[in-house]
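Engineer: This is a predicted model, with the sequence first.
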Amino acid sequence: MIKQKADEDKAVAEFDADVKKAVATYHRSSVLLQGVDSRITELMAVLAGMVRRAGDALDRLEETERAPGGFDLGSDDHAHRLHTALQLVKGVVELAEAPVMNPDLTLDPSGESLVVKYRDYNPESTNV
C-alpha cells in the first residue's frame, strides 16, 4: 500500500511537471506569435504607405513622357523624379522582402529597423 502510494505520488509529480512544461512552451509560443503578428501588422501598414507613395512617384515620372520632348535625363526635374521613384520602389522591395523570423524562431530585428526607416520616408527630404 505504501509503495503504491509512492508510485502514485511519483506519477502525479511527473504529470504535474509535464503539464507545467507544456504550459511554459505554450506561453513562449503564444508570446512569439503575438510578436510575429504585431511585426507583420506594422510591416503591412508601412508597406501600404510606401506602395501609395511609390505609385504617386511613378505617376509623376510617367508625366515626363507626355511632356514635349519626352523624358530627358539631362533635365534636373526629370532626373529628380526618376531618383525619387527609384528610392521609393527600392523601399517597397525592402519592406516586401523583410524577414519576420530568424531560423532560430526569434523575431528578426531587421523588420523593426525597416519599419522605423520607412514609416515616414520621404526621399525628397532624406539622403538614403
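Structural biologist: Arrived safely.
Engineer: Okay, now the unreliable bits of this protein?
Structural biologist: 126-128 (pLDDT under 70).
Engineer: Okay, buried residues for the helix or strand hosting residue 92 please.
Structural biologist: According to DSSP states H and E, residue 92 maps onto helix 76-96. Within helix 76-96, the residues that count as buried by 16 or more other Cβ atoms under 10 Å are 78, 81-82, 84-85, 87-89, 91-92, 95. Backbone N, C-alpha and C define where each C-beta goes, glycine included.
Engineer: after it, next one along is what?
Structural biologist: Counting by DSSP H and E, the element after helix 76-96 in chain order, helix or strand, is helix 109-118.
Engineer: CA-only coordinates of that next one in CSV, if you can.
Structural biologist: Taking Å, rounded to 0.1, in the frame of the first residue of the first chain, the C-alpha atoms of helix 109-118 are listed here in CSV:
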residue,chain,number,x,y,z
PRO,A,109,15.3,42.8,-35.8
SER,A,110,15.7,44.0,-39.4
GLY,A,111,12.0,44.2,-39.8
GLU,A,112,11.8,46.7,-37.0
SER,A,113,14.5,48.8,-38.4
LEU,A,114,12.8,48.9,-41.8
VAL,A,115,9.6,50.0,-40.1
VAL,A,116,11.4,52.9,-38.5
LYS,A,117,13.3,53.7,-41.7
TYR,A,118,10.3,53.8,-44.0
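Engineer: So what touches that helix?
Structural biologist: 39, 42-43, 46, 49-50, 91, 94-95, 98-100, 128 (Cβ atoms under 8 Å, 6 or more residues apart in numbering).
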